[in-house]
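Chemist: Mind folding the following:
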Amino acid sequence: MMYALQLNEFGLPSNLKYVEVKAPQITSPYQVIVKVIAAGVNPIEWKIRRGNVSLVNFLLKFPAILGNDFSGIIYDKGDKVTEFDIGDEVFGKTQNPFSGLGTYAQYTLVNTKNDGIIKKPSSITHQEAAGFGIAGLTAWTGLVSIGDLKVDEEAKDIQQKVLVIGASGGVGTYAVQIAKHVNNAHVTAICSGENAELVKKLGADRVIDYTQQDFGEVLKKEKESFDLVLDCIGGDTYYSKSIPILKLKGNFVTAVGPDAYGENIRIVDIMKIGMITLGRKVFGVRNYKVIVGLTWRDLPKIVTYLDKRKIVTVIGHEFDLKDGVKAHELSESHRVVGKIILNCPN
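Modeler: Residues are numbered from 1 along each chain as shown. Below you'll find the model as predicted:
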């Protein structure tokens with residue numbers, strides 16, 4: 001048996017119940033059971049909890065355990081798992097949000113062939129590792145995988161320019177660091193003034209306080225000078241104001257889409273995003289890209305940056321697993337600095 005946050009129906013944060021349930025069992029020779037030390041909380045999870053993701057609504061079976069990101073210790077493993085041993089410290093992200101066997105629990109089931117899992121460096125804590133998953137990979141994907149920015153040695157002799165919109169959130173705090181320390185870019189960050197010092201410490205060369213300044217006006221003299229704009233907020237305003245500052249072959253990459261915060265992911269919303277994306281690709285004057293999938297192929301390389309602490313997790317809030325309701329309430333507020341972490345009982 002184990003303790004977990006269980007969801008029995010879509011709705012309010014209070015629908016998450018801290019209960020004792022049966023622990024997962026290995027059903028495939030490629031699976032491992034991870035004893036979860038910490039789990040990351042992501043916006044997609046409260047959107048699923050609210051019933052805002054149509055595809056999940058059809059496939060998710062109750063009672064369900066949510067959660068994708070984890071860090072913990074290998075507790076058991078299948079016969080064909082050779083890259084991990086019992087007792088190894090690992091972290092990662094599960095791929096299937098429909099399974100109902102998520103990471104908001106003392107134990108979680110991970111498929112070593114389909115899910116993302118890798119050994120945790122001793123230089124980072126379980127809480128830091130648990131925060132990386134979705135947010136860190138989203139930032140990496142936006143800047144490197146589809147953003148096409150140069151990295152490391154290739155980036156040393158060129159001065160790339162990057163604008164990060166929503167720089168103090170989970171994705172944004174990782175993006176500022178990756179842009180500065182991996183892409184060797186000049187980084188302009190947009191966030192509130194109260195988070196400006198934090199974002200500067202992460203590597204931003206300049207911070208624009210969106211509560212006091214219009215970034216379009218601030219940057220209007222830097223026409224066609226930015227290689228990439230990474231949008232972590234969504235909405236049309238940021239897109240339209242970014243066009244003049246992007247190079248002709250620059251990329252506008254959004255982690256959210258044309259609607260601010262992307263709260264609804266219904267079939268009609270997916271169709272809308274698809275139509276807008278197609279329209280901007282065909283008729284737009286700059287490259288427009290939406291992050292729709294995350295890959296683990298670069299994770300071994302990313303781990304070297306985590307190990308050397310060139311990329312760190314900004315932990316804004318920690319909660320015990322039993323207080324998961326509070327974690328979801330905070331995440332829904334859109335006022336989160338860095339990552340929210342759930343600590344699981346031992």
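
Chemist: you'd agree residue 107 is up against residue 32?
Modeler: No - with contact defined as Cβ atoms under 8 Å, residue 107 does not reach residue 32; the gap is 10.4 Å. Any C-beta I mention is one placed from the backbone N, CA and C, and that applies to glycine too.

Chemist: Mind listing the shared neighbours of those two?
Modeler: Common neighbours of residue 107 and residue 32 (criterion: Cβ atoms under 8 Å, 6 or more residues apart in numbering): residue 75.

Chemist: Are we agreed that residue 32 is in a strand?
Modeler: Yes - counting by DSSP: H, G, I helix; E, B strand; the rest coil, residue 32 is part of a strand.

Chemist: How confident is the prediction for it, by pLDDT?
Modeler: Residue 32 is assigned 98 on the pLDDT scale.

Chemist: just residue 266 next, same as before
Modeler: pLDDT, residue 266: 57.

Chemist: List the residues that contact the spatially most central residue of the chain.
Modeler: Taking Cα atoms, centre = their mean, the centroid of the chain lies closest to residue 135, which sits 1.6 Å from it. Contacts for residue 135 (Cβ under 8 Å, 6+ apart) come out as 40, 42, 170-171, 174, 339.

Chemist: Report the mean per-residue pLDDT for stretch 198-206.
Modeler: For stretch 198-206, mean pLDDT is 98.

Chemist: average model confidence for stretch 63-76?
Modeler: What stretch 63-76 shows for mean pLDDT is 97.

Chemist: buried residues in it?
Modeler: 64-76 (16 or more other Cβ atoms under 10 Å).

Chemist: Among the residues you listed, which lie within helices?
Modeler: Nothing among the buried residues of stretch 63-76 maps onto helices, per DSSP state H.

Chemist: Can you add distance to residue 125 and give the residues you listed back as TSV?
Modeler: TSV is the format used below for those (distance: Cβ to Cβ, whole Å):
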residue	distance to residue 125
64	28
65	23
66	23
67	18
68	19
69	14
70	13
71	8
72	12
73	13
74	17
75	19
76	23
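
Chemist: Could you list the single helix or strand in the protein with the lowest mean pLDDT?
Modeler: When the helices and strands of the chain are scored by mean pLDDT, DSSP states H and E, helix 267-283 comes last with a mean of 62.

Chemist: now for the helix or strand just after that helix, which elements pack on it?
Modeler: Going down the chain from helix 267-283, the next helix or strand is strand 287-290, by DSSP states H and E. Judged by 3 or more Cβ pairs under 8 Å, 6 or more residues apart in numbering; DSSP states H and E, the packing partners of strand 287-290 are strand 246-254, helix 267-283.

Chemist: let's see 6 Å
Modeler: Applying 3 or more Cβ pairs under 6 Å, 6 or more residues apart in numbering; DSSP states H and E, one finds that strand 287-290 contacts strand 246-254.

Chemist: how about the strands of the stretch 51-200 of the chain, start to end?
Modeler: For the stretch 51-200 of the chain, applying DSSP state E, counting those that start in this stretch gives strands covering 69-77, 89-93, 107-111, 116-119, 161-165, 186-191.

Chemist: what does the last one contact?
Modeler: The one in question is strand 186-191. Contacts with strand 186-191, where a contact means Cβ atoms under 6 Å, 6 or more residues apart in numbering, come from 161-165, 167-168, 176, 179-180, 199, 203-208, 210, 215.

Chemist: Please check those and keep the buried ones.
Modeler: Using 16+ other Cβ under 10 Å, the buried members of the contacts of strand 186-191 are 161-165, 167-168, 176, 179-180, 199, 203-204, 207-208, 210, 215.

Chemist: first vs last residue of stretch 205-213, how far apart are they?
Modeler: End-to-end span of stretch 205-213 (Cα to Cα, to the nearest Å): 17 Å.

Chemist: Now do that stretch: distance to the chain's middle.
Modeler: The chain centroid and the centroid of stretch 205-213 are separated by 23 Å under Cα atoms, centre = their mean, to the nearest Å.

Chemist: which residues are contacting that stretch?
Modeler: Applying Cβ under 6 Å, 6+ apart, the contact partners of stretch 205-213 are 186-190, 192-193, 196, 199-200, 215, 218.
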